[in-house]
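Engineer: no sequence on this one, just coordinates:
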């Protein structure tokens, strides 16, 4: 059963080519020729009546939903499933190839049943050796999308980046370290003859970062095998690899994101332990170990010096807003600053699957500031660590030209009621927030070291009541029953990075769904649709344009705006994939549940089905 009983979290079956949309208002000239693309989970098996398992929001096949902007204010919508190995392998199965994250996390799941789920997936993956197209990656690429070295790349943690072709959003193939840099076709997968360490080394965090000044792509690769973490830098042109070295950790951790300044990469070694060895300790595969401290590793950009580690109270961070250097009058780096969305617990992981949350404390994510002093005599802890706000704040974004550099404004998502750690029905975004982070950080630093109180303690209601255009916190509230998704900032043509007064000179793009369209039982009717809104980031009040889409866009994860020039620059050196490829696999044993897998299910009383 789809765990949200429909609503706009539910998947959709249709894929539309570039389809004309109606536009109200006026779309900014900065959008002309570009495309906004949002990645997210769209588990196709949830649409099948025979699949009755509960889903997690992070589960499922990746799907891109995009809006292409014309030169004269036109707009076209397109959505396309990402043709991953997992999607192709699952086409002939009655259940998904991989177990749900909810299954791996559920405290009520008996260990033998959990092992049966894992064994089923393992046998299915191994059986693809009997086909002409063995699995090269377990990634569903459903989390984010970036653009680097003339290629658009979709990502999630369990595999390498997946290249897609814009504006049609067709899938091209995996970009492993070899194929990305030498033009080889999808090399390096385990089933393609690669080694197990090589297979895990291709796993890439969901949020690589492109330095807007150097053009370099920074990546972290976290896996179950020692040394558990690798750090890679790829040149602006995709070749050569400038750096690829291990960053040894004591145990495997979940690393969804990291941050980077102009001189350092900030690694988050947090108490979220991730790996199958947890099962031997009677813990879920993803376990929050409250006995561990949070560690922040400051890695010199090119590892030309030692990594400095700083410890702080236990926490969980899924998304970093930005990092930047503080310089001495002589131009030397004296500190690295970090802004991130900090949780006290792992509640979000459970809430996203409608699972019981282990923590009993309220745990809204807060926009949090850390300052790390680099003097050899400074202690191995942040000199400052405090939240800027008390309201929930997640899915941060900022002007792309200012990533890795000091910036004045950070934008993010919040809500009037509820929290991101509530069950998903209560974690719907109805407020977008702009924060003058430089102003609030200055106020926090003035309190001295040691304080951990929020700089701005106002509630959402109090923030909404403010009509001061110079307020450090500005909130845009959507109309009742309307809910947004993560926003992307698109700079205006007059945006000037050196001038902090122009740092809000641009627009926020985000999908909106009006839940008044839902049926009485909460399900989505045929014909339900979403819109793309364009909000003026300078006043956080004016919606300058709306694009009416031909269908709805399910609540998803991360998006990006790709410019006209980037689309035109794409490398067209490979063919695209097609879902029809799976038809050639249908007669191979790898695409059916073998007798041995049925037997595993019967042994554990599952009647051959893993639910």
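Structural biologist: Structure received. Keep in mind that what you see is a predicted model, and the values were worked out from it rather than measured.

Engineer: quick one, strands of the stretch 351-500 of the chain?
Structural biologist: 366-373, 384-387, 394-397, 409-414, 431-436, 473-477, 482-484, 488-491 (DSSP state E, counting those that start in this stretch).

Engineer: which residues are in contact with the fifth one?
Structural biologist: When you say that, I think you mean strand 431-436. Contacts of strand 431-436 with the rest of the structure, by Cβ atoms under 8 Å, 6 or more residues apart in numbering, involve 367, 388-389, 391, 393, 408-416, 460, 463-464, 472-478, 484, 487, 504, 508, 510, 535, 537, 540. The way it works is simple: take the backbone N, C-alpha and C, and place the C-beta from them, glycine included.

Engineer: so what pLDDT did residue 364 get?
Structural biologist: In this prediction, residue 364 carries a pLDDT score of 89.

Engineer: show me the contacts for the nearest residue to it once chain neighbours are set aside.
Structural biologist: Of all residues not flanking residue 364 in the chain, residue 392 sits nearest, at 4.0 Å (Cβ to Cβ, 6 or more residues apart in numbering). Taking Cβ under 8 Å, 6+ apart, we find residue 392 in contact with 364-366, 414-415, 419-420.

Engineer: ok, back up a step: which one of the strands of the stretch 351-500 of the chain lies nearest to residue 207?
Structural biologist: Of all those, it is strand 394-397 that lies closest to residue 207, at 10.9 Å by Cβ to Cβ.

Engineer: Adjacent strands (with direction) for that closest one?
Structural biologist: Sheet pairing of strand 394-397 (DSSP bridges) gives strand 409-414 (antiparallel).

Engineer: Now do the strand it pairs with against strand 366-373: the angle between them, please.
Structural biologist: Between the axis of strand 409-414 and that of strand 366-373 there is an angle of 140 degrees, by axes from the mean of the first three to the mean of the last three Cα atoms, to 10 degrees.

Engineer: so what's residue 506 closest to, chain neighbours aside?
Structural biologist: Counting by Cβ to Cβ, 6+ apart, residue 491 is the residue found nearest to residue 506 once chain neighbours are left out, at 4.3 Å.

Engineer: Mean neighbour count and distance to residue 403 for the strands of the stretch 351-500 of the chain - can I get that in JSON lines?
Structural biologist: Putting these into JSON lines (neighbours: other Cβ atoms under 10 Å; distance: least, Cβ to Cβ, whole Å) gives the following:
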{"stretch": "strand 366-373", "mean neighbour count": "23", "distance to residue 403": "16"}
{"stretch": "strand 384-387", "mean neighbour count": "22", "distance to residue 403": "22"}
{"stretch": "strand 394-397", "mean neighbour count": "24", "distance to residue 403": "10"}
{"stretch": "strand 409-414", "mean neighbour count": "26", "distance to residue 403": "11"}
{"stretch": "strand 431-436", "mean neighbour count": "24", "distance to residue 403": "16"}
{"stretch": "strand 473-477", "mean neighbour count": "22", "distance to residue 403": "21"}
{"stretch": "strand 482-484", "mean neighbour count": "20", "distance to residue 403": "22"}
{"stretch": "strand 488-491", "mean neighbour count": "22", "distance to residue 403": "11"}
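
Engineer: Out of the ones you listed, the one nearest residue 274 is which?
Structural biologist: Taking Cβ to Cβ as the criterion, strand 394-397 is the member of the strands of the stretch 351-500 of the chain that comes nearest to residue 274, at 20.3 Å.

Engineer: Please state the offset of the closest one from the chain centre?
Structural biologist: On the basis of Cα atoms, centre = their mean, to the nearest Å, strand 394-397 is displaced by 10 Å from the centre of the chain it belongs to.

Engineer: and if you look at stretch 247-266?
Structural biologist: Remark: stretch 247-266 is offset 16 Å from the chain centroid, using Cα atoms, centre = their mean.

Engineer: What is the end-to-end distance of it?
Structural biologist: This stretch, stretch 247-266, spans 12 Å end to end (Cα to Cα, to the nearest Å).

Engineer: Next: stretch 382-398.
Structural biologist: For stretch 382-398, the separation between the terminal residues is 24 Å (Cα to Cα).

Engineer: cool, and stretch 291-303?
Structural biologist: Using Cα to Cα, one end of stretch 291-303 lies 30 Å from the other.

Engineer: May I see the buried residues of that stretch?
Structural biologist: When neighbours are counted by 16 or more other Cβ atoms under 10 Å, the buried residues of stretch 291-303 are found to be 292, 294-299, 301.

Engineer: Surely the residue nearest to residue 506 touches residue 508?
Structural biologist: No: with contacts defined as Cβ atoms under 8 Å, residue 491 does not count as touching residue 508, sitting 11.2 Å away.

Engineer: follow-up on the earlier one: closest one of the contacts of residue 392 to residue 267?
Structural biologist: residue 365 (19.8 Å).

Engineer: Show me what the closest residue to the closest one other than its chain neighbours is bridged to.
Structural biologist: Nearest residue to residue 365 in three dimensions, chain neighbours excluded: residue 341, at 4.4 Å (Cβ to Cβ, 6+ apart). Applying DSSP bridges to residue 341 gives these bridge partners: residue 319, residue 367.

Engineer: do the same with residue 534
Structural biologist: Residue 534 has the following beta-bridge partners by DSSP bridges: residue 509, residue 545.

Engineer: ok, it - contacts?
Structural biologist: 25, 27-28, 31, 507-509, 543-547.

Engineer: now swap in residue 286 and tell me
Structural biologist: 101, 104-105, 254, 272-274, 278, 346, 349.

Engineer: In the residues you listed, which residue is surrounded by the most others?
Structural biologist: The most neighbours of any of the contacts of residue 286, using other Cβ atoms under 10 Å, belong to residue 346, which has 28 neighbours.

Engineer: three-state assignment of residue 114?
Structural biologist: helix (DSSP: H, G, I helix; E, B strand; the rest coil).

Engineer: Give me the spatial nearest neighbour of it, chain neighbours excluded.
Structural biologist: In space, residue 114 is closest to residue 103, 6.7 Å off (Cβ to Cβ, 6+ apart).

Engineer: Now do the helices in the stretch 1-150 of the chain.
Structural biologist: In the stretch 1-150 of the chain, helices defined by DSSP state H, counting those that start in this stretch lie at 85-90, 101-105, 111-127, listed in chain order.

Engineer: which of those helices sits most buried?
Structural biologist: Ranked by average neighbour count under the criterion mean count of other Cβ atoms under 10 Å, the helices of the stretch 1-150 of the chain are headed by helix 85-90 at a mean of 24.

Engineer: about what we covered before: let's see the pLDDT reported for the residue nearest to residue 364.
Structural biologist: Per-residue confidence for residue 392 comes out at a pLDDT of 96.

Engineer: and what of the one 3 residues further on?
Structural biologist: Here, the pLDDT recorded for residue 395 equals 97.
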